[in-house]
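Asks: Take a look and give me a structure for this.
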Amino acid sequence: MTSTHETSTDPVPRRRSPAALRAVRPKQWIKNLLVFAAPLAGGQLLDAGVLVKCVGAFVAFCLVSGTIYLVNDARDVEEDRLHPKKRLRPIAAGELSVPAALVLAGICATLGFGLGFWVSITLGVTLAVYAVIQVMYSLFLKDLPVIDLAVVASGFLLRAVAGGVATEIELSQWFLLVASFGSLFMVAGKRYSELVALGPESGTRRSLQRYSSSYLRFVWMVAAGMVVMSYSLWAFENQHKGPWDVPWTALSIAPLALGLFQYALEVDRGEAGAPEDVVLTDHVLQVLVGIWLVLVAVAVFIP
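Replies: Reported below is the predicted structural model:
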């Protein structure tokens, strides 16, 4: 006779984090690390005052971006239920009610903007601009092809700019070019992956119906080329910096370019719909980023 009782080999249910925490998408907070980019490039990140302001900007962006995620998910709950992955989000899955999500959004917004304006008035303004653009995107801009690419890319760019304005570090033209086209590369790659994985008629994103895979491929290839070119111009301009007369910044071009190529491999496979997942799971990309960080750190921090 067979037993009706569960055996010891039955899988143990995986404990999940609270729905409220998952609703603010902590995995996507990795994007907010961009606030450290400008102080790193300027060689001032290890200054105690600068570091404290960067951490404040990071936390403020986590809270404000969490607000946007909550509002968007509450508004798009029916549309998200059609998406194979988004349907698992707490609000779409019914784990967190829409009213509770909006209350949580209000709390996050209050804390985020309060911290942002406390760190720096210009940081608070940057957060406000980010929030306004994201709300406009959620209401009507997300259905406009090309415009939606620019708007989503602006979210990455404003994170990078926030680190500079919070610490009063001047942003060079090379930094702005790399940040701008790097953001566009990420977003075009995200859309391309969604198009490959879901198809234009999936009903999950209207703008996908206006894109072709060849067009999105063109955009992210051009953006990648501009990133490498702009970064290389900065690297060669600053290659005299660093110890032992080694052109550290010039050497850093190689891991940067290889990192873009590795990320593009994930895009081409249709697996870069969530950039944070690529960064957290692609070990080759992580190694390349680590090498790049070491080379840049040696160049800017060691006299």
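
Asks: Walk me through the domains of this structure.
Replies: Here the domain assignment for the chain is 17-170, 172-303, based on automatic domain parsing.

Asks: From the contact counts, what lies against the strand or helix carrying Leu63?
Replies: Counting by DSSP states H and E, the element that carries Leu63 is helix 48-75. Applying 3 or more CB pairs under 8 Å, 6 or more residues apart in numbering; DSSP states H and E, one finds that helix 48-75 makes contact with helix 19-23, helix 37-41, helix 98-119, helix 121-139, helix 147-167. (Each C-beta comes from the backbone N, C-alpha and C, glycine too.)

Asks: between the domains of the chain, which gets the lowest average pLDDT?
Replies: Set side by side, the domains of the chain differ in mean pLDDT, and domain 172-303 is lowest with a mean of 85.

Asks: Ends of stretch 83-94, what's the gap?
Replies: Start-to-end span of stretch 83-94 (CA to CA, to the nearest Å) is 15 Å.

Asks: Show residues contacting that stretch.
Replies: 19-20, 22-23, 70, 73-74, 77, 80-81, 96-98, 101, 198, 202, 204, 273-274 (CB atoms under 8 Å, 6 or more residues apart in numbering).

Asks: how about a cut-off of 6 Å?
Replies: 19, 22-23, 73-74, 77, 80-81, 96, 101, 204 (CB atoms under 6 Å, 6 or more residues apart in numbering).

Asks: rewinding a little: can you lay out the domains of the chain as JSON lines showing mean neighbour count?
Replies: Shown next, in JSON lines, are the domains of the chain (neighbours: other CB atoms under 10 Å):
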{"stretch": "domain 17-170", "mean neighbour count": "19"}
{"stretch": "domain 172-303", "mean neighbour count": "18"}
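
Asks: What sits closest to Ala153 if chain neighbours are left out?
Replies: Nearest residue to Ala153 in three dimensions, chain neighbours excluded: Ser183, at 3.9 Å (CB to CB, 6 or more residues apart in numbering).

Asks: Leu149 too?
Replies: Closest to Leu149 by CB to CB, 6+ apart is Val187, at 5.3 Å.

Asks: any idea of the angle the helix or strand hosting that neighbour forms with helix 147-167?
Replies: Using DSSP H and E, Val187 sits in helix 173-198. Interaxial angle of helix 173-198 relative to helix 147-167 (axes from the mean of the first three to the mean of the last three CA atoms, to 10 degrees): 140 degrees.

Asks: Next, the angle helix 121-139 makes with the helix holding Leu63.
Replies: Orientation of helix 48-75 against helix 121-139 (the same axes, to 10 degrees) gives an angle of 20 degrees.

Asks: After helix 48-75, which helix or strand is next?
Replies: helix 77-80.

Asks: Centre of the chain to that following helix, how far?
Replies: With CA atoms, centre = their mean, to the nearest Å as the basis, helix 77-80 stands 22 Å off its chain's centre.

Asks: Tell me the pLDDT of His5.
Replies: Reported pLDDT for His5: 44.

Asks: Next, the contact list for the residue nearest to Ala153, please.
Replies: Here Ser183 is in contact with 153, 156-157 (CB under 6 Å, 6+ apart).

Asks: Reformat the residues you listed as JSON lines; add distance to Val52.
Replies: Formatted as JSON lines, the contacts of Ser183 follow (distance: CB to CB, whole Å):
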{"residue": "Ala153", "distance to Val52": "29"}
{"residue": "Phe156", "distance to Val52": "23"}
{"residue": "Leu157", "distance to Val52": "23"}
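
Asks: Pick out whichever of the residues you listed sits closest to Val219.
Replies: The closest of the contacts of Ser183 to Val219 turns out to be Ala153 (CB to CB; 10.2 Å).

Asks: hey, where'd the helices end up in the stretch 201-303 of the chain?
Replies: 213-237, 248-251, 253-268, 275-281, 283-301 (DSSP state H, counting those that start in this stretch).

Asks: Out of these, flag the one nearest Leu111.
Replies: Short answer: helix 275-281, nearest of the helices of the stretch 201-303 of the chain by CB to CB, at 22.1 Å.

Asks: Other residues contacting the closest one?
Replies: Contacts of helix 275-281 (CB under 6 Å, 6+ apart): 27-28, 30, 186, 266, 272.

Asks: Closest one to Gly66 out of the residues you listed, please.
Replies: The closest of these, once distances to Gly66 are taken by CB to CB, is Gln28, at 8.8 Å.

Asks: Which residue comes closest to that closest one once chain neighbours are left out?
Replies: Glu276 (5.1 Å).

Asks: any idea how far that neighbour is from Leu88?
Replies: 15 Å (CB to CB, to the nearest Å).

Asks: and if you look at Tyr263?
Replies: Counting by CB to CB - Tyr263 and Leu88 are separated by 24 Å.
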